[in-house]
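> sequence and predicted structure are below.
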Amino acid sequence: MSTPMIALLQRVGWSVVILIGVTFLTFTIAFIIPSDPARTVAGPKADRETLAQIRKEMGLNQPLPIQYARYLDRLVHGDLGRSYLTRQSVRQAILERLPATAYLALTSLAAAALIGIVLGCATASRQGSAIDLTVLAGSLVILSLPVFWVGMLLLYFFAYRLRLFPLGGFGLSNVVLPACALALNGAAYYARILHTNLRTVLEEDYVRTARAKGLSSLSVYGKHALRNALIPLVTLLGLDLAGLLSGVVLTETIFNWPGLGRLAVDAVFNQDIPMIMGTVLFGAVLVVGANMLVDIVYMIIDPRIRYQ
Amino acid sequence: MVLLLVFIAIAAPWLARYDPLKAVADSFGDPFPPQRPFWLGTDELGRDVLSRVLYGARISLLVAVVATSLTLVIGVTVGLCAGYFGAWVDTVLMRITDVVLSFPALLLAIALAALFQPGLATIFVVIGVVSWTGVARTVRGEVLSLRERDFVAAARALGATPLRLIVRHILPNTLPTILVMGALSTSNTVLLDAGLSYLGLGVPVPTPSWGRMISDSQTYYRIAPWLMVFPGLAIVYAVVAFNFLGYGLLAIVSRREGRS
């Protein structure tokens, strides 16, 4: 087997290990911590026999390692349990809501990347200028804004006062405001990073060589500098999925967006443990998967980087 | 900026004119806009917004300090051990870090918060448990580079035990980094706490908490928009303060290391 192949397999292997760790953590949280899952399912008025029956059904009487094994077995078969509340399959609920969240997440990611790149480029070339400093300080402030507050302000001004956008819910024009709220954070972050990267890249030798060769400033900028500065950014886009999912939770709640974030929040309010753990697990799995993909892509496109 | 925040938090009982828990104005169901003597207006239950915002600073600061301390303790310990001992200890610890890192922070936080009893201690633990990974990674990096330096070899040659080495030599040298991470973590903590409170998973009700105030203000936003603006501004102020503190410290630290 060639070395890159081995490295690839190693990477996938590690992801599997991490996944097992993730399931273990989820299992620990879900089954060990709450005082009595049987009681939560049965309700406060159930008598002892019902509780015992439920315990037997849920397999709560068995020793923990066996419970964990059963849990893993169910997971491998794609069974995430049933919601306490609606008795709907957790997996089904998650899959139903996934497209909505994906729609919101991708839109905001695209917006954030666009704004971030534009700002990053604009400031890197004008170092130390007024624009540069304003953007840097401004982005720091923007990073400090709580997502839900921004969302509410946007709702108030653009939806209520100016009536430019609808007040929430799902749809094409509805996506603008929540996407903006989410994108703001990301845009500030990317702008800063691109700014730093571009600055370092612009000082490298090959840029000076290109300029000395007489290439126009635009081509130097676009073809050489930008491409190299963008690579770390691409990795970041993939890796920040965890952050995006966190932001999505709050944004969906404010804008009444029917996605996974709201599913999780509703589940939390209803103490719907299978749903809570299902969404958390799903989120973690997505993150692990995305990280693995990004690393593999990185390994493929950049021949200089190989895992030891 | 941070000092002002701390001052306000401590001095809140004197600065606030009204008891933030009691209704002092007759604005039940119909909040007053900012006007004398209620500088920031009143909320839907007749409480003075300014007082509530000021008192909220106490809670936020308390959560920020305690939760961040927990984050730092866990993160620094993990980072130190992973960086110093290397080999399988490092691998195991780093994989555990990766596992925790794979969970979207807020998602994990709300799941944990929902499963425990609501209360201050819960928030401390939840935020601490969710945020330590960044600190661990950074500290580990520092330790890895410090480990190869001369003074470590010298101390080892003089017969220092690993524990002594870690505590008396490596740890003090990581302090600048720890301070920076501490400041930046604190700003994250405030945001996380605000988010949790907004969702209703924070401190129990009558105690003023900025995130909670914002979520309470939602029903009234048409007629009383100031109710959501001011607590939000408070949150932004606190987070920006800690962010500036963190980045300022970072600048100082990098300059010092550049020199030596």
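Okay, I see it.
> in terms of secondary structure, what does the top helix by length along chain A contact?
Determined from DSSP state H, the single longest helix within chain A is helix A:90-124. Packing partners of helix A:90-124 (3 or more C-beta pairs under 8 Å, 6 or more residues apart in numbering or on different chains; DSSP states H and E): helix A:130-143, helix A:176-202, helix A:227-239, helix A:241-255, helix A:260-269, helix A:273-301. C-beta: built from backbone N, CA, C; applies to glycine.
> the longest one to helix A:260-269, inter-axis angle?
What it means is helix A:273-301. What separates the directions of helix A:273-301 and helix A:260-269 is an angle of 150 degrees, with axes from the mean of the first three to the mean of the last three C-alpha atoms, to 10 degrees.
> for B:Ile223, which three-state class applies?
coil (DSSP: H, G, I helix; E, B strand; the rest coil).
> gap between it and B:Ser217?
11 Å (C-beta to C-beta, to the nearest Å).
> more crowded one of those two?
B:Ser217 (23 against 12; other C-beta atoms under 10 Å in any protein chain shown).
> and that one, that's in a helix?
Yes. Secondary structure of B:Ser217 (three-state DSSP): part of a helix.
> quick check, it in contact with B:Pro231.
Yes. Look at B:Ser217 against B:Pro231 with C-beta atoms under 8 Å: they come within range, at 7.5 Å.
> any low-confidence regions in the stretch 101-250 of chain A?
For the stretch 101-250 of chain A, the stretches with pLDDT under 70 are A:124-129, A:131, A:159-174, A:199, A:201-239.
> what does it put close to chain B?
A:140-141, A:143-149, A:152-153, A:155-156, A:160, A:241-247, A:249-250 (C-beta under 8 Å from any C-beta of the partner chain).
> may I see the PyMOL selection of the buried members of these?
Filtering those down to the buried ones (16 or more other C-beta atoms under 10 Å in any protein chain shown) takes a single PyMOL command:
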select buried, chain A and resi 140+143+144+145+146+147+148+149+152+153+155+156+241+242+243+244+245+246+247+249+250
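> for B:Val6, give me the pLDDT.
Looking at B:Val6, its pLDDT is 54.
> err, B:Leu45, not the other one
For B:Leu45, pLDDT reads 66.
> equivalent analysis for the one 5 residues further on, please.
Here the pLDDT value assigned to B:Leu50 is 73.
> for it, give its distance to chain A.
Per C-beta to the nearest C-beta, to the nearest Å, B:Leu50 is found 18 Å from chain A.
> can you count the residues close to A:Thr28?
Neighbour count of A:Thr28, defined by other C-beta under 10 Å: 12.
> find me the pLDDT at it, would you?
In this prediction A:Thr28 is given a pLDDT of 76.
> the one 4 residues further on now?
In this model, A:Ile32 is scored at 62, pLDDT.
> tell me the helix or strand right after the worst-scoring helix or strand of chain B on mean pLDDT.
In chain B, the helix or strand scored least confidently by mean pLDDT, DSSP states H and E is helix B:2-15, which has a mean of 51. Using DSSP states H and E, the helix or strand that follows helix B:2-15 in sequence is helix B:49-85.
> for that next one, buried residues please.
B:49-72, B:74-76, B:78-84.
> what's the burial count for the nearest residue to A:Val12 once chain neighbours are set aside?
The spatially closest residue to A:Val12, leaving aside those adjacent along the chain, is A:Met292, at 6.6 Å (C-beta to C-beta, 6 or more residues apart in numbering or on different chains). By other C-beta under 10 Å, the residues close to A:Met292 number 18.
> equivalent analysis for A:Val297, please.
13.
> where's it relative to B:Ser102, distance?
Distance, A:Val297 to B:Ser102, using C-beta to C-beta: 18 Å.
> can you check A:Phe148 too?
A:Phe148 is 24 Å from B:Ser102, by C-beta to C-beta.
> what is the three-state secondary structure of B:Ala109?
helix.
> what count of nearby residues applies to it?
25.
> likewise the one 10 residues further on?
Counted by other C-beta under 10 Å, the residues lying close to B:Gly119 total 12.
> tally of neighbours for the closest residue to A:Pro178 other than its chain neighbours?
Closest residue to A:Pro178 apart from its sequence neighbours, by C-beta to C-beta, 6+ apart: A:Phe255 at 4.3 Å. By other C-beta under 10 Å, 30 other residues sit near A:Phe255.
> was I right to think A:Phe255 contacts A:Val176?
No. Here A:Phe255 lies out of contact with A:Val176, judged by C-beta under 8 Å, at a distance of 10.2 Å.
> quick check: pLDDT value at B:Ile96.
So, for B:Ile96, pLDDT stands at 84.
> any idea which helix or strand carries it?
Counting by DSSP H and E, B:Ile96 is part of helix B:87-102.
> what is that helix packed up against?
The contact analysis (3+ C-beta pairs under 8 Å, 6+ apart) places helix B:87-102 against helix A:3-27, helix A:273-301, helix B:49-85, helix B:120-147.
> mind putting those in CSV, distance to A:Ala111 included?
Formatted as CSV, these follow (distance: least, C-beta to C-beta, whole Å):
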stretch, distance to A:Ala111
helix A:3-27, 29
helix A:273-301, 19
helix B:49-85, 30
helix B:120-147, 26
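> so which of these comes closest to B:Leu112?
Set against B:Leu112 and scored by C-beta to C-beta, those come closest in helix B:120-147, at 4.7 Å.
> circling back to that earlier point, pull out the buried positions in the helix holding B:Ile96.
For helix B:87-102, by 16+ other C-beta under 10 Å, it's B:Asp90, B:Leu93, B:Met94, B:Ile96, B:Thr97, B:Asp98, B:Val99, B:Val100, B:Leu101, B:Ser102.
> same check on stretch B:193-210?
B:193-203, B:207-210.
> take those and keep only those in helices.
Reading helices off the buried residues of stretch B:193-210 with DSSP H, I get B:Asp193, B:Ala194, B:Gly195, B:Leu196, B:Ser197, B:Tyr198, B:Trp210.
> so which of those residues is the closest to B:Val239?
Using C-beta to C-beta, those come closest to B:Val239 at B:Ala194, 8.4 Å.
> what residues are up against the nearest residue to that closest one once chain neighbours are set aside?
Spatial nearest neighbour of B:Ala194, chain neighbours left out: B:Gly211 (3.8 Å); criterion: C-beta to C-beta, 6+ apart. B:Gly211 makes contact with A:Pro146, A:Phe148, B:Asp193, B:Ala194, B:Gly195, B:Leu196, B:Ser197, B:Tyr198, B:Leu199, B:Gly202, B:Pro231, B:Ile235, according to C-beta atoms under 8 Å, 6 or more residues apart in numbering or on different chains.
> can I get the ones in helices among the buried residues of stretch B:193-210 in a markdown table with pLDDT and distance to A:Arg74?
What follows is those, written out as a markdown table (pLDDT from 0 to 100; distance: C-beta to C-beta, whole Å):
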| residue | pLDDT | distance to A:Arg74 |
| --- | --- | --- |
| B:Asp193 | 86 | 35 |
| B:Ala194 | 85 | 36 |
| B:Gly195 | 85 | 31 |
| B:Leu196 | 85 | 30 |
| B:Ser197 | 84 | 35 |
| B:Tyr198 | 83 | 34 |
| B:Trp210 | 80 | 41 |
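> around chain A, pick out the residues from the stretch 101-250 of chain B.
So far as C-beta under 8 Å from any C-beta goes, the stretch 101-250 of chain B lies against chain A at B:101-108, B:110-116, B:187, B:191, B:194-195, B:198-201, B:211, B:214-215, B:218, B:221-222, B:225, B:228-229, B:232, B:235-236, B:239-240, B:243-244, B:247.
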